[in-house]
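# Sequence and computational prediction follow.
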Amino acid sequence: MTTTPPLATAEVVDTSTATLAARAEERRLRRGLSPRTAFLLRRLGRLVISLAVVVVASFLLMYLVPGDPVRAALGQSATPQLVEATRAQLGLDRPMWEQFLRFVGGLFTGDLGTSVRLQRPVADVIAQRFPTTLLLAVLAFVIAVVGALPAGIGAAVLARGGRRRGLSVALSAVLGILIAVPSFLVAVGLISLFAVQLGWLPAAGWGKPADAVLPVIALAIGPMAYLVRIVQVEMLAVLDTTYMTTARAKRLPRRLIHLRHALPNIVTASLTVGGLILAGLTAATVLIETVFAIPGLGTIMVSSVGAKDYPMVQGVVIVYALIVLGVNLVVDVVLATIDPRSSITEG
Amino acid sequence: MSVRSKLLNPTAISAVSGSAVLVFLAVAGPALWGSAADTTDVSSRLLGASLAHPFGTDELGRDILARVLAAARLTLLLTLGATAIAVAGGIAFGLIASILPTHPRRWFTGLLDILLAFPWLLMVLFFTVIWGATATGAMLAIGFAGIPSFARLVYNLASSVSGRDYVRAARVVGVGPVGVLLRHVLPNIANPFFVNAAATASVTLLSFAGLSFLGLGVQAPEYDWGRMLQEGILRIYVNPLAAIGPGIAIVLAGLVFTLLSEAVAGVRGQGWRATAARAAGGLTLTSGRRPVVAPTVPAEDVVAEITGLRIAFATPEGGVVERVRGVDLRIGRGEVVGIVGESGSGKSLTAMALAGLLGADARVTVATHRFGDLDMSRPPTAADRARLGVELGMIFQDPLTSLNPALTIGRQLTEVPEVHMGMRPAEARARAADALASVGIPNAATRLRQYPHEFSGGMRQRAMIGMALTGRPRLIIADEPTTALDVTVQRQVMGVLRRAQEETGAAIVFISHDIALVSAFCDRVIVMKDGRMVESLSADRIREDASHPYTKALIACLPDMNSDRTLPLPVIPPELAPEALEEEVPA
């Protein structure tokens, strides 16, 4: 707080950000857009490119598989007639460009093809299972965020300036362990404790509210620990800034200092990490659904990969990708709305 | 820190011994426990934990502990294989990206960013579809899924290094791109590279465990820890250790990789150990008392007073360094006092101590410390805090950082009137607008709705002065308020500060390293050096009265209209340069 940064560095940083900002400003003026619109358009452009990558990658999946995907899906015992019939059903007998157009066209009309194994429309299966996965991920995310914000802020406020070092070292160790242990191992531990030893909660299944308790906790713990660490580090950095000294110089009540002056400044970083966490949670549901035998997207994905049911896999991959991209877009838009400064001018 | 002490810290010791255990298991595990792991015994199938079988047995009566130990080789080989793929691919793509021309490079990094948006597990599943649910397929899938993040890392490291001056210098003297890469870039990214490679190995291990657990990795009759976990969880009610045993192995092995990464990082002082060391540097605030010095100014004319001020800080090595060594400062009503001294002379610390704003890491001792009739050495009551908030204003060096970027100017200028003066929002807003107008910011009502980033540097500093004026300041402490501003803006800000002083009659403590600025602006000038006040002079007689050699040297350095411009500028003679501040004092 007392050491003043060498002037030279400050000037260098200043001019370089000024140049960057000026360049962004110039580009924006050339197109006649407001900074916020330009930012959102840029992000929309990235979303479209990402979507294109996902669609092309999942279309090519069938071609990247070594050998004949239809033969692989049906097994060696299938008759050549069945193989040919299935090939025709999947449209694999058509030219590649026609297949691709049908594939993309199907995406727009909600037609994701037919599952080879289940002989049902892929879209129906996904529609039936999607809410379960979404519920798991969203519940876990809400719990992680609601738990992490006060814990991280509290830890930073208590440990500021090297106070209570025992507490911060202990917290750092606990967080490190919780972050390091993957969710499916947490799940195994939770099951053996709360289902097997204590018999309080079911070890597997889906239907009753009690069924959701252990899966959601298993999903939430790791991300929550990670978010606590991020919030704590961000908060410690914010507490050391000059503007927080300004707030303290005004002798404001601690509540105002922390909630009004500090909190808004950790939102950007926390939200960015929160978006990553939600995307990661969505992927982690694959493992957690398998541990707890929950009929969601993850279990159908795993069984379809095992059974080489490619249309089903393609459909689920696209849905997962859409979730991830959707979360990122929401985070970007929210950031652009609440953060008046940085994200908009950043190239 | 010496290499020796780097290797002798607990993290490094655990990392090395953990790795030794893993290597031993991978080499000798199958030979030592392989037969026990494969011996089927139908009579002892599905047993719980016992002395003969600490983790119990599986459905063919094979000992689970022996299987866990024997499975280490396959698990670790697959982990290292996948890590090698991710690292090799990452280096190749990252380095290629770093030497591409601008446009392809943008596209390439854009593509990497798109891939990075997807969680690793989703990428792994995607690739598993291609290569099939086998051990080799899983290794390829995990390795390929790890390439984008490693490529991005290598690219970031490489491009940050190649922007540095010594690499530019190498280019100027004609070293080609490959030479720059080999001689300058690679050696300088080695450390973060190994840190991340070890961290990647940890993630790879866990991914492999997850994939085998899903039934998409290693297939029976082969087994790794993930596969055993899958078999164990089916019988978790019969024998929980059948699932927990392999789980523990996975966590411990993952921990070893993480520790390795920490140990490598520890060399450069990253990671949690460094954080813990920083946390350990703190000290609690102590308050010592010295005999009170009799005040020379009548008490009612003193705005603020601090005597016997000493400020010390803990050093990372566990010692204590004293930065302010006995300062007595008394500010009269309406007096403008300048404090000059170079960086490290303790002038800013003195000002912060006077305002009672030093952090918990500072060890402060004072004999007396008061603001008006308020004893500042006692913890303040709510009423004291309100009074300080209204009557004591602070202005800091860098107006870019002293205003909260997330709050509007209006929000920041209405706080003192609202919180401490009991004004309603509309009144407080009117007062804030008046304050902005009085520091020369037009359109105050509009300006109040703007954020600091919409203000120029000089305007922000004026807004800071305006913030002090929203109260009823009796003392304004300005800590180098013009140092970060260019010269013309400096003049404006000084003018605003002068006018504010004349209108409110507040005393000002003005801190600067610029003795010319200070002697023009202040009534009294205090010169500080090495944490002590060396001289206190009347500003208008500073050239005549200066007696301390350091003050004389400072004044001699000031160029004036008669200076001979053919001569080099005078400098502070070395014998008067600040002494080294690393001198230790007893704690």
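Yes, it's here.

# drop to CA atoms for contacts and neighbour counts, all remaining ones
OK.

# which stretches of chain B have low pLDDT?
Applying pLDDT under 70 to chain B flags residues B:1-8, B:36-37, B:44-48, B:51, B:162-163, B:266-300, B:557-565, B:567-587.

# Could I get the full set of strands for it?
B:302-314, B:320-332, B:336-340, B:362-365, B:368-371, B:374-375, B:392-395, B:475-479, B:507-512, B:524-529, B:532-538 (DSSP state E).

# Just put those strands in a markdown table and tack on distance to A:Thr245 and mean neighbour count.
What follows is the strands of chain B, written out as a markdown table (distance: least, C-alpha to C-alpha, whole Å; neighbours: other C-alpha atoms under 10 Å in any protein chain shown):
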| stretch | distance to A:Thr245 | mean neighbour count |
| --- | --- | --- |
| strand B:302-314 | 18 | 22 |
| strand B:320-332 | 20 | 21 |
| strand B:336-340 | 21 | 28 |
| strand B:362-365 | 15 | 23 |
| strand B:368-371 | 19 | 22 |
| strand B:374-375 | 21 | 15 |
| strand B:392-395 | 9 | 26 |
| strand B:475-479 | 12 | 25 |
| strand B:507-512 | 17 | 26 |
| strand B:524-529 | 24 | 24 |
| strand B:532-538 | 25 | 19 |
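
# Go through those strands and name the closest to chain A.
Closest approach to chain A among the strands of chain B (C-alpha to the nearest C-alpha): strand B:392-395, 6.6 Å.

# any chance of the strands of chain B in JSON lines, with distance to B:Ser98 too?
Formatted as JSON lines, these follow (distance: least, C-alpha to C-alpha, whole Å):
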{"stretch": "strand B:302-314", "distance to B:Ser98": "43"}
{"stretch": "strand B:320-332", "distance to B:Ser98": "45"}
{"stretch": "strand B:336-340", "distance to B:Ser98": "48"}
{"stretch": "strand B:362-365", "distance to B:Ser98": "45"}
{"stretch": "strand B:368-371", "distance to B:Ser98": "59"}
{"stretch": "strand B:374-375", "distance to B:Ser98": "61"}
{"stretch": "strand B:392-395", "distance to B:Ser98": "45"}
{"stretch": "strand B:475-479", "distance to B:Ser98": "44"}
{"stretch": "strand B:507-512", "distance to B:Ser98": "45"}
{"stretch": "strand B:524-529", "distance to B:Ser98": "49"}
{"stretch": "strand B:532-538", "distance to B:Ser98": "52"}
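
# Distance to chain A added to those, as TSV?
Compiled in TSV, the strands of chain B are given as follows (distance: least, C-alpha to the nearest C-alpha, whole Å):
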stretch	distance to chain A
strand B:302-314	10
strand B:320-332	11
strand B:336-340	15
strand B:362-365	9
strand B:368-371	14
strand B:374-375	15
strand B:392-395	7
strand B:475-479	10
strand B:507-512	12
strand B:524-529	15
strand B:532-538	16
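
# Tell me how many other residues crowd A:Ala127.
For A:Ala127, the neighbour count with other C-alpha atoms under 10 Å in any protein chain shown is 11.

# Model confidence score at it, please.
In this model, A:Ala127 is scored at 89, pLDDT.

# how close does it get to A:Ala203?
Separation of A:Ala127 from A:Ala203 (C-alpha to C-alpha, to the nearest Å): 26 Å.

# Buried ones in stretch A:85-103, by neighbour count?
A:Thr86, A:Arg87, A:Leu90, A:Gly91, A:Leu92, A:Gln99, A:Phe100, A:Arg102, A:Phe103 (16 or more other C-alpha atoms under 10 Å in any protein chain shown).

# again but with stretch A:115-133, I slipped
By 16+ other C-alpha under 10 Å, the buried positions in stretch A:115-133 come out as A:Ser115, A:Val116, A:Arg117, A:Pro121, A:Val122, A:Ala123, A:Val125, A:Ile126, A:Arg129, A:Phe130, A:Thr132, A:Thr133.

# Can you tell me which of these end up in helices?
Using DSSP state H, A:Val122, A:Ala123, A:Val125, A:Ile126, A:Arg129, A:Phe130, A:Thr132, A:Thr133 are the members of those that sit in helices.

# What about the nearest residue to the fifth one once chain neighbours are set aside, how many residues nearby?
Leaving aside its sequence neighbours, A:Arg129 sits nearest to A:Gly296 (C-alpha to C-alpha, 6 or more residues apart in numbering or on different chains; 4.7 Å). A count of neighbours around A:Gly296, defined by other C-alpha under 10 Å, yields 25.

# A:Gly296: what's it in contact with?
Counting by C-alpha atoms under 8 Å, 6 or more residues apart in numbering or on different chains, A:Gly296 touches A:Arg129, A:Phe130, A:Pro131, A:Thr132, A:Thr133, A:Glu289.

# do that again at 10 Å, thanks
By C-alpha atoms under 10 Å, 6 or more residues apart in numbering or on different chains, the contact list for A:Gly296 reads A:125-126, A:128-136, A:206, A:285-286, A:288-290.

# Give me the distance from stretch B:62-79 to the chain's centre.
Centroid separation for stretch B:62-79 versus its chain: 41 Å, with C-alpha atoms, centre = their mean, to the nearest Å.

# now stretch A:282-302
Taking C-alpha atoms, centre = their mean, one finds stretch A:282-302 lying 16 Å from the centre of the chain it belongs to.

# Kindly check the end-to-end length of it for me.
Using C-alpha to C-alpha, the end-to-end distance of stretch A:282-302 comes to 14 Å.

# Quick one: mean pLDDT for it?
Averaged over stretch A:282-302, pLDDT sits at 86.

# ok, the closest residue to chain A within the stretch 401-550 of chain B - contacts?
In the stretch 401-550 of chain B, the residue found nearest to chain A is B:Ser402; the distance is 4.1 Å by C-alpha to the nearest C-alpha. Residues in contact with B:Ser402 (C-alpha under 10 Å, 6+ apart) are A:241-247, B:394-396, B:452, B:460-461, B:464.

# Using the centroid of chain A, identify the residue furthest from it.
For chain A, the largest distance from the centre (C-alpha atoms, centre = their mean) belongs to A:Gln81, which lies 43.7 Å off.

# how about the helices of the stretch 1-150 of chain A, start to end?
Using DSSP state H, counting those that start in this stretch, the helices of the stretch 1-150 of chain A run over A:7-31, A:35-64, A:69-74, A:80-90, A:96-109, A:122-159.

# So for the residue most central in space within chain A, what's the nearest residue that isn't a sequence neighbour?
Nearest to the mean C-alpha position of chain A, by C-alpha atoms, centre = their mean, lies A:Ala279 at 1.1 Å. Distance criterion C-alpha to C-alpha, 6+ apart; nearest residue to A:Ala279, sequence neighbours excluded, is A:Val324 at 5.1 Å.

# Can you get me a residue count around A:Thr114?
Using other C-alpha under 10 Å, A:Thr114 has 21 other residues around it.

# what does B:Gly217 give?
Around B:Gly217 there are 27 residues (other C-alpha under 10 Å).

# wait, what's in contact with the closest residue to B:Leu259 other than its chain neighbours?
Excluding the flanking residues, the one nearest B:Leu259 by C-alpha to C-alpha, 6+ apart is B:Ala15, at 5.1 Å. With contact set as C-alpha under 10 Å, 6+ apart, B:Ala15 has these partners: B:Val21, B:Leu255, B:Val256, B:Phe257, B:Thr258, B:Leu259, B:Leu260, B:Ser261, B:Glu262, B:Ala263, B:Val264.

# could the residues you listed be laid out in a markdown table, adding distance to A:Thr268?
Shown next, in a markdown table, are the contacts of B:Ala15 (distance: C-alpha to C-alpha, whole Å):
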| residue | distance to A:Thr268 |
| --- | --- |
| B:Val21 | 43 |
| B:Leu255 | 31 |
| B:Val256 | 33 |
| B:Phe257 | 31 |
| B:Thr258 | 28 |
| B:Leu259 | 30 |
| B:Leu260 | 32 |
| B:Ser261 | 28 |
| B:Glu262 | 27 |
| B:Ala263 | 31 |
| B:Val264 | 31 |
